[in-house]
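Novice: Pasted the sequence and its predicted model underneath.
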Amino acid sequence: MTFPSAEESTPQAGATADPYAQANADRESFWAEEAGRLHWDTKWIEVLDWSDAPFAQWFSGGKLNVAYNCVDRHVEDGHGDQVAFHWEGEPGDTRTITYADLRREVCGTANALLSLGLTAGDRVAIQLPMIPEAVFAMLACARLGLPHSVVFGGFSPAALQSRIEDAEAKLLITSDGQYRRGSAVAMKDGTDEATRKTPSIDHVLVVRRTGGEVSWTEGRDLWWHDLVDAQPEEHTPQPFDSEHPLFILYTSGTTGKPKGILHTSGGYLTQAAYTHRAVFDHRPGQDVYWCTADIGWITGHSYIVYGPLANRATSVMYEGTPNTPHEGRHFEIVQKYGVSIYYTAPTLIRSFMKWGDDIPARYDLSSLRVLGSVGEPINPQAWLWYREHIGGNRTPIVDTWWQTETGAVMISPLPTGTTAQPPKPGSARTPLPGISALVVDDQGRPVDRGGSGYLVLDQPWPSMLRGIWGDEERYRDTYWSRFAQQGYYFAGDGARYDADGDIWLLGRVDDVMNVSGHRISTAEVESALVSHPTVAEAAVVGAADATTGQAIVAFVILRDGAPEGGADVAAALREHVAREIGPIAKPRQIMVVPELPKTRSGKIMRRLLRDVAENREIGDVTTLADASVMNSINADTTS
């Protein structure tokens, strides 16, 4: 059964009722309408089966092919010449990939995987840099019903090995190397180390990216260009059940046994496409969209690959770091391609702030019409800077909350139309139409306006995780045991309602400090610090304290031209926090540092800062974009 394409079934602006009211009136009908924007080979029998909670089945009995929805149907509808990706390599090389090109590449890759003897249900591990082959590989897996496990390119061999072992992957797709901060860095040496003791791996498929020398295992290792380029460019996709596994994604920072989050096909694609269209007001064939995430994270899955391609987006994909070869690289790319939707992380926004207002001012950013934020709560100071210096004081900003586990955006303002909400810097506002979330206390009771507590999801949603790979009990314990009596999914984040009933995210519960019995959010203290004119960026952690239980320790980067660090600066910042929040929030200690430890996706690794604050040996730094940062922090804090 074929349903209308997204653009055919999207009503004209102002022609529909309030989507919030529509979803509240009949949640399942709302999601059925959104699913109907996709192509289904067989229509579903039941929208939602929640009889085996907390394991959901969405669109039961329905069959579709995810890759067909992301690629083939657009070509068949006459859009083969539309650009799917403007790809920019870090050294300056570029590729323009149309939907027709994408279809040929995905079909060739799928035929190559079939030639290796893979069959539906087999798992494929992918560790690649931000190159087009990563997208081709993911879509080829989706086309064949092969659940993929994408592993961030900066992860260590041990991390890759554990993920291969847990998924029992039969194929690893990797590259000879990658470009990082202007240099070619070997990659296959690490994957060789990872696969020394992984008997499930039959083949390693290697993309030539840097041209560096690589070791080779005959009979196992295969060059991408030898295998894929020789394949036929046609492949007929087969439909899979709506609940067929699409991918496993291991959460970052996992210690011990990795935690593989499982997502399936129909519900995930429905919500990824819906949120990409609604949250960013995406217009097929008109917008140029750029999500700056790495493909190894859930943001890369949902908002570089599946959501945008399902909506026939033209996207930018960039391989490198934002300050290579210069600090204006992102703005240069926005200007070059006329990017209209830009989705990035607060940590990168704060880096832009630190680098200086004059850098974005050198570029024409007038094409931008929607800005997005993802990854952690955005402090109001960064929100205001983002809107002024990147958005020209005219663009809406969608501050999105969601997780690897939720699969797609859950809480965000809508940017345009009759349901657009006025700006509220730092607040993710309200759950999207079709989504239900509450802030509750320790006993699971909703808190009043102005109150703080735990963020929970009280209704199932289409893109929800379907478990932890191979560990049903861990899934129940991790996400459903805290409020088992109420049947709530506990997101692990703290939140508060403001006087209007809008939601403000306070970060992970383990980032909510308990100082002398007072719950204080690290995000609130960080926002207070960054609002001081001398501070470019701040990270706050709670450190054990014999008197207060926990004490607040802050790490700050000063703006260029600010006075040097020292007792005077620390004292001024402590008083500033006291004025902004209250004396209870005064940091016990403020350390001025040159950089903060971040993953390549831009997340601050606060557990490493806790190690410093509590004088412990520094933990695993393999996920950092630049592991040497911790040496600099240690040098500064011990000198």
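Specialist: Perfect, I can see it now.
Novice: Pull up the distance across stretch 50-60, start to finish.
Specialist: 11 Å (Cα to Cα, to the nearest Å).
Novice: what do you get for stretch 496-507?
Specialist: 11 Å.
Novice: Pull the distance from that stretch to the chain's centre.
Specialist: Computed by Cα atoms, centre = their mean, to the nearest Å, the separation of stretch 496-507 from the middle of its chain amounts to 22 Å.
Novice: One more: stretch 63-78?
Specialist: Relative to its chain's centre, stretch 63-78 lies at 24 Å (Cα atoms, centre = their mean).
Novice: Nearest residue to the residue sitting nearest the centre point of the chain in space, ignoring adjacent ones along the chain?
Specialist: Computing the C-alpha centroid of the chain and ranking residues by Cα atoms, centre = their mean puts residue 299 first, at 2.4 Å. Nearest residue to residue 299, sequence neighbours excluded (Cβ to Cβ, 6 or more residues apart in numbering): residue 293, at 3.7 Å. C-betas here are computed from N, CA, C, even on glycine.
Novice: The closest residue to residue 404 other than its chain neighbours and residue 427, how far apart?
Specialist: Nearest residue to residue 404 in three dimensions, chain neighbours excluded: residue 298, at 4.2 Å (Cβ to Cβ, 6+ apart). Look at residue 298 and residue 427: by Cβ to Cβ, to the nearest Å, they are 22 Å apart.
Novice: who's residue 261 bridged to?
Specialist: Residue 261 has these beta-bridge partners by DSSP bridges: residue 249, residue 468.
Novice: Make sure it is actually in contact with residue 464.
Specialist: No. Counting by Cβ atoms under 8 Å, residue 261 stays clear of residue 464, with 10.1 Å between them.
Novice: Point out where the protein drops to low pLDDT.
Specialist: For the chain, applying pLDDT under 70 flags the ranges 1-17, 252-257, 417-421, 516-519, 546, 564-566, 600-601, 618-639.
Novice: Regarding it, what is its longest helix?
Specialist: Longest helix of the chain, by residue count under DSSP state H: helix 99-115.
Novice: So which bits of it are buried?
Specialist: 99-114 (16 or more other Cβ atoms under 10 Å).
Novice: where do the helices sit along the stretch 201-350 of the chain?
Specialist: In the stretch 201-350 of the chain, the helices defined using DSSP state H, counting those that start in this stretch lie at 224-227, 266-279, 298-300, 307-310, 329-337, 346-355.
Novice: can you tell which of those is closest to residue 238?
Specialist: For the helices of the stretch 201-350 of the chain, the distance to residue 238 is smallest for helix 266-279, at 14.7 Å, taking Cβ to Cβ.
Novice: can you pull the contacts of residue 268?
Specialist: The contact partners of residue 268, taken as Cβ atoms under 8 Å, 6 or more residues apart in numbering, are 246, 306, 407-408, 462-463.
Novice: can you check residue 269 too?
Specialist: Taking Cβ under 8 Å, 6+ apart, one finds 38, 64, 66, 69, 246, 306, 310 in contact with residue 269.
Novice: got TSV for the residues you listed, with distance to residue 187 and neighbour count too?
Specialist: Converted to TSV, these look like this (distance: Cβ to Cβ, whole Å; neighbours: other Cβ atoms under 10 Å):
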residue	distance to residue 187	neighbour count
38	35	26
64	34	28
66	27	30
69	31	27
246	25	27
306	25	31
310	30	26
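Novice: Make TSV from those and add distance to residue 393 to it.
Specialist: Shown next, in TSV, are the contacts of residue 269 (distance: Cβ to Cβ, whole Å):
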residue	distance to residue 393
38	37
64	43
66	39
69	38
246	40
306	33
310	32
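Novice: ok but residue 76 is inside a helix, no?
Specialist: Yes. Under DSSP: H, G, I helix; E, B strand; the rest coil, residue 76 sits within a helix.
Novice: What is the burial count for it?
Specialist: 14 (other Cβ atoms under 10 Å).
Novice: now it: how far from residue 100?
Specialist: The value you get for residue 76 to residue 100, if Cβ to Cβ is used, is 11 Å.
Novice: Kindly report the same for residue 582.
Specialist: Relative to residue 100, and taking Cβ to Cβ, residue 582 is found at 60 Å.
Novice: In a markdown table: the helices of the stretch 201-350 of the chain, plus distance to residue 448.
Specialist: Converted to a markdown table, the helices of the stretch 201-350 of the chain look like this (distance: least, Cβ to Cβ, whole Å):
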| stretch | distance to residue 448 |
| --- | --- |
| helix 224-227 | 57 |
| helix 266-279 | 28 |
| helix 298-300 | 32 |
| helix 307-310 | 35 |
| helix 329-337 | 42 |
| helix 346-355 | 28 |
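Novice: Ok, which of those comes nearest residue 250?
Specialist: helix 298-300 (10.5 Å).
Novice: residue ranges for the strands of the stretch 101-250 of the chain, please.
Specialist: 124-126, 148-150, 171-175, 177-180, 183-186, 203-207, 221-223, 240-241, 245-250 (DSSP state E, counting those that start in this stretch).
Novice: Would you mind finding the most buried of the ones you listed?
Specialist: Sort the strands of the stretch 101-250 of the chain by mean neighbour count, taking mean count of other Cβ atoms under 10 Å, and strand 171-175 sits at the top with a mean of 27.
Novice: what sits up against it?
Specialist: Strand 171-175 is contacted from outside by 113, 116, 118, 122, 124-129, 131, 133, 137, 164, 187-188, 191, 194-195, 201-210, 224, using Cβ under 8 Å, 6+ apart.
Novice: Which entries within those residues meet the buried criterion?
Specialist: Using 16+ other Cβ under 10 Å, the buried ones in the contacts of strand 171-175 are 113, 118, 122, 124-129, 131, 133, 137, 164, 187-188, 191, 194-195, 201, 203-207, 209-210, 224.
Novice: List the contacts of residue 368.
Specialist: For residue 368, the contact set (Cβ under 8 Å, 6+ apart) comprises 334, 339-342, 390-392, 395.
Novice: mind running it again at 10 Å?
Specialist: Contact analysis of residue 368 by Cβ atoms under 10 Å, 6 or more residues apart in numbering lists 288, 290, 331, 334, 338-342, 390-392, 394-395.
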